[in-house]
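Visitor: Sequence and predicted structure, then a few things I'm wondering about:
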Amino acid sequence: MAGPLCRTVGGLSLLSRFLRAGGKLGPRPGVRRASEDVHVNSHYRQFVPPPQFSVIIGEAASSFMWFWILWRFWHDSDEVLGHFPYPDPSLWTDEELGIPPDDEY
């Protein structure tokens, strides 16, 4: 008994919306459809692209950093490589290296 009554009331509300809209039957008022008029780029499993200003500042900072590192290495390479020549290990004796003498029998 409630079924036909609900269908009748539902039909009347549909008819009243149709008449109020001037013959157009659109979506119910207050219902938002996410597929309509949405202009958002989705970034599913992707990074959001950074602003151009941040990219330029990052490139400038990293360029200056590498310039500074390479400039200082060119002019003060002794700080990294040392001041003295590397010794030749083939000239060291066993005694200097702490190797005990071989006992031949």
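Guide: It's in. What you see is a predicted model; the values in this text were computed from it and never measured.

Visitor: State the distance from P51 to F64.
Guide: 20 Å (CB to CB, to the nearest Å). (Each C-beta comes from the backbone N, C-alpha and C, glycine too.)

Visitor: What segments of the protein are helices?
Guide: Secondary structure of the chain (DSSP state H): helices at 2-20, 52-75, 78-81, 94-97.

Visitor: Check those helices for me: which has the lowest mean pLDDT.
Guide: Ranked by mean pLDDT, the helices of the chain bottom out at helix 2-20, with a mean of 61.

Visitor: Any figure for the gap between D102 and T93?
Guide: 13 Å.

Visitor: what sits in contact with each of these two?
Guide: Residues touching both D102 and T93 (CB atoms under 8 Å, 6 or more residues apart in numbering): there are none.

Visitor: What's the local residue count around D102?
Guide: Counted with other CB atoms under 10 Å, the neighbours of D102 add up to 6.

Visitor: so who does it touch?
Guide: So D102 contacts nothing (CB under 8 Å, 6+ apart).

Visitor: Stretch 94-102 spans what distance, first to last residue?
Guide: End-to-end span of stretch 94-102 (CA to CA, to the nearest Å): 10 Å.

Visitor: Show me what counts as buried in that stretch.
Guide: Within stretch 94-102, no residue qualifies as buried by neighbour count (16 or more other CB atoms under 10 Å).

Visitor: what about A60, neighbour count?
Guide: Counted by other CB under 10 Å, the residues lying close to A60 total 10.
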